[in-house]
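Undergrad: attaching a predicted model along with its sequence, questions to come.
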Amino acid sequence: MEKREKFASRLGFLLISAGCAIGIGNVWRFPYITGKYGGAAFVLIYLVFLVILGLPIMTMEFAVGRASQKSCAKSFHVLEPKGTKWHWNAWLGMAGNYLLMMFYTTVAGWMLAYIFKMLRGDFVGASAEAVNAQFGSMLANAGPQIAWMIAAVLLGFGVCSLGLQNGVEKITKVMMVCLLFLMLALVVRAVTLPGAVEGLKFYLVPDFGRLVQQGVGNVVYAAMGQAFFTLSLGIGAMTIFGSYIGKERTLLTESINITLLDTFVAIMAGLIIFPACFAFGINPGEGPGLVFVTLPNIFGGMAGGRIWGALFFVFMSFAAMSTLIAVFENIVSFGMDLWGWTRKKAVGVNIAAVIVLSLPCVLGFNLLSGFQPLGAGTNILDLEDFIVSNNLLPLGSLVYLLFCTMRCGWGWESFTKEANEGRGVKYPKWVRVYVSYILPLIVLFIFVMGYKDKFFSA
């Protein structure tokens with residue numbers, strides 16, 4: 001039995017866990033959802049839900065990992081009372097990690113491709129229609145997309161093959177620090193554009209009239225969903241990092257730090273995107289096309305736009321790759337925990353598996369575009385995202401909640417003993433009723449509403 005690897009430093013743990021949470025959700029989904037639901041008022045509601053939804057569940061995932069010293073493949077086996085079946089959740093968690101990578105690798109490939117498109121000057125002086133057509137033609141060509149997807153997979157697993165400290169920790173640290181500096185440079189550029197002030201007002205000054213216009217219920221539900229999904233909770237993505245940390249600090253302290261970092265990046269992404277959209281008279285609620293269609297339009301018309309655009313997509317690629325590396329590390333650890341594989345073997349097997357599993361998503365935009373699983377205009381990426389975001393994340397989170405609070409699970413006493421070990425903020429006793437009875441109902445509500453939105457909304 002190999003001795004469990006550990007992080008070399010606490011900073012490494014914080015940046016990698018934050019890197020797992022900081023992904024395309026922050027820098028792609030957050031700005032356009034904020035744009036759609038009216039700006040600053042939405043951001044305020046989102047922050048409230050981040051604290052009451054995200055923090056308790058993240059701490060539970062970390063506690064299960066640290067107490068069991070295993071990934072989600074084996075953590076429930078170690079902690080569950082004899083004769084119970086909590087370990088069945090391992091399959092849900094593992095499926096979630098693979099499914100997430102089945103479409104995330106494709107989007108990470110797009111980010112890498114766009115760095116080169118920007119540097120080549122593909123968007124300089126191009127009309128809005130031409131920029132849109134470029135994205136469409138990239139999706140229509142399977143070959144180059146597959147090549148970029150494979151590049152993302154090889155980069156991510158290449159880092160994992162170097163080991164936890166020498167690969168995952170060292171490289172993610174550098175990447176995250178670069179990501180933060182790149183963001184600051186892009187923010188300074190965006191807020192100094194002529195006309196950027198209107199964008200800043202939209203983003204930072206709450207207008208509750210706009211909130212009522214969108215429907216308060218819709219805005220609250222959207223904020224709840226974004227707060228929940230941004231931290232990738234429920235599929236054991238955080239359990240693995242819990243298993244790599246020492247007991248010097250309480251887990252709520254660590255969860256607060258990671259949530260703050262995650263939120264900082266999301267809010268900074270808005271400071272780049274909204275001033276730029278308003279400066280160029282573009283609607284910031286454009287939806288998923290915001291990053292690949294709207295922003296290249298902006299950079300194409302900006303002085304030095306080639307360089308700023310390339311830097312923006314380097315930053316986006318770092319955000320995507322930090323999640324890829326974190327989830328790949330989890331996937332590698334499944335093989336090591338379940339079958340005692342060496343790291344090398346686990347990496348080799350999974351490179352092949354993830355490339356094959358990622359093909360349907362790429363082909364869903366071209367060869368398999370006739371397959372529209374969730375209705376007209378949908379594709380395989382939408383289906384995979386729906387299974388992960390609307391099913392595995394909420395149901396997995398529910399399992400962690402019940403496991404850490406119920407007597408027939410690991411139980412409240414065992415959970416709080418583990419969570420409160422070390423210096424820092426303790427898990428308060430008074431939240432027991434909330435996390436045992438109210439929070440599971442909120443998670444169930446998010447789950448049910450996800451189905452209502454997808455299949456029953458007008």
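TA: Sure thing, it's come through.
Undergrad: neighbours of M149, how many?
TA: Using other Cβ atoms under 10 Å, M149 has 26 other residues around it. (C-beta placed from N, C-alpha, C; glycine too.)
Undergrad: who are the packing partners of the helix or strand of the chain with the lowest mean pLDDT?
TA: Scoring the helices and strands of the chain by mean pLDDT, DSSP states H and E places helix 289 at the bottom, with a mean of 72. Packing partners of helix 289 (3 or more Cβ pairs under 8 Å, 6 or more residues apart in numbering; DSSP states H and E): none among the helices and strands.
Undergrad: any chance you could list what contacts that helix?
TA: 132, 135 (Cβ atoms under 8 Å, 6 or more residues apart in numbering).
Undergrad: quick one: distance of that helix to the chain centre.
TA: Put simply, helix 289 sits 18 Å off its chain's centre (Cα atoms, centre = their mean, to the nearest Å).
Undergrad: tell me the helix or strand right after it.
TA: Counting by DSSP states H and E, the element after helix 289 in chain order, helix or strand, is helix 295-300.
Undergrad: tell me the buried residues in the one helix or strand L324 maps to?
TA: Here L324 sits within helix 305-339, counting by DSSP H and E. Going by neighbour count (16 or more other Cβ atoms under 10 Å), the buried part of helix 305-339 is 305-306, 308-338.
Undergrad: also stretch 441-448?
TA: Within stretch 441-448, judged by 16+ other Cβ under 10 Å, the buried ones are 442-443, 446-447.
Undergrad: format these as CSV; extra columns: pLDDT, secondary structure and distance to I282.
TA: Listed next are these as CSV, based on pLDDT from 0 to 100; DSSP: H, G, I helix; E, B strand; the rest coil; distance: Cβ to Cβ, whole Å:
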residue, pLDDT, secondary structure, distance to I282
I442, 94, helix, 35
V443, 94, helix, 36
I446, 91, helix, 31
F447, 93, helix, 34
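Undergrad: turn those residues into JSON lines, columns for distance to T259.
TA: Formatted as JSON lines, the buried residues of stretch 441-448 follow (distance: Cβ to Cβ, whole Å):
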{"residue": "I442", "distance to T259": "17"}
{"residue": "V443", "distance to T259": "17"}
{"residue": "I446", "distance to T259": "18"}
{"residue": "F447", "distance to T259": "22"}
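Undergrad: nearest to M268, of these?
TA: I446 (25.9 Å; Cβ to Cβ).
Undergrad: name the nearest residue to that closest one, sequence neighbours excluded.
TA: In space, and not counting its chain neighbours, I446 is closest to P394: 5.3 Å by Cβ to Cβ, 6 or more residues apart in numbering.
Undergrad: next up, phi/psi of that neighbour, please.
TA: Dihedral angles of P394 (phi, psi; degrees, to the nearest 10) stand at phi -70, psi -40.
Undergrad: please look at it and M449 and confirm they touch.
TA: No - using Cβ atoms under 8 Å, P394 makes no contact with M449, being 9.8 Å away.
Undergrad: returning to that earlier point: and which of the buried residues of stretch 441-448 is nearest to T239?
TA: Comparing the buried residues of stretch 441-448 against T239 with Cβ to Cβ picks out V443 as the nearest, at 17.3 Å.
Undergrad: ok, that closest one - contacts?
TA: 53, 228, 394, 397-398, 401.
Undergrad: measure it to M60 for me?
TA: 12 Å (Cβ to Cβ, to the nearest Å).
Undergrad: need the residues touching each of the two.
TA: Taking Cβ under 8 Å, 6+ apart as the criterion, V443 and M60 both touch L401.
Undergrad: before we move on, the earlier item: same for the next helix or strand after the helix holding L324, what does it pack against?
TA: Note on helix 305-339: by DSSP H and E, the next helix or strand toward the C-terminus is helix 343-363. When contacts are defined as 3+ Cβ pairs under 8 Å, 6+ apart, helix 343-363 packs onto helix 89-120, helix 142-161, helix 305-339, helix 380-387.
Undergrad: who wins for proximity to T250 among those helices?
TA: Closest among those, using Cβ to Cβ: helix 305-339, at 21.9 Å.
Undergrad: what angle do the closest one and helix 89-120 make?
TA: Put simply, helix 305-339 runs at 160 degrees to helix 89-120, going by axes from the mean of the first three to the mean of the last three Cα atoms, to 10 degrees.
Undergrad: for the record, mean pLDDT for helix 305-339?
TA: Mean pLDDT, computed over helix 305-339, is 92.
Undergrad: state the number of residues packed around the closest residue in space to M238 that isn't next to it in sequence.
TA: The spatial neighbour of M238 that comes closest, neighbours along the chain excluded (Cβ to Cβ, 6+ apart), is E61 at 4.0 Å. Other residues within reach of E61, judged by other Cβ under 10 Å, total 31.
Undergrad: tell me the secondary structure for E61?
TA: Assigned with DSSP: H, G, I helix; E, B strand; the rest coil, E61 falls in the helix class.
Undergrad: which ones are touching it?
TA: Taking Cβ under 8 Å, 6+ apart, we find E61 in contact with 233-234, 236-239, 242, 400.
Undergrad: same question for V177.
TA: L15.
Undergrad: and what about it, helix, strand or coil?
TA: helix.
Undergrad: what helix or strand is S232 on?
TA: Per DSSP H and E, there is no helix or strand for S232.
Undergrad: gap between the closest residue to I282 other than its chain neighbours and N379?
TA: Once flanking residues are discounted, I282 sits nearest to T294: 5.4 Å by Cβ to Cβ, 6+ apart. In this structure, T294 and N379 are 20 Å apart, going by Cβ to Cβ.
Undergrad: rewinding a little: and the residue nearest to I446, how close does it get to A21?
TA: Relative to A21, P394 is positioned 17 Å away (criterion: Cβ to Cβ).
Undergrad: then P296?
TA: Separation of P296 from A21 (Cβ to Cβ) stands at 27 Å.
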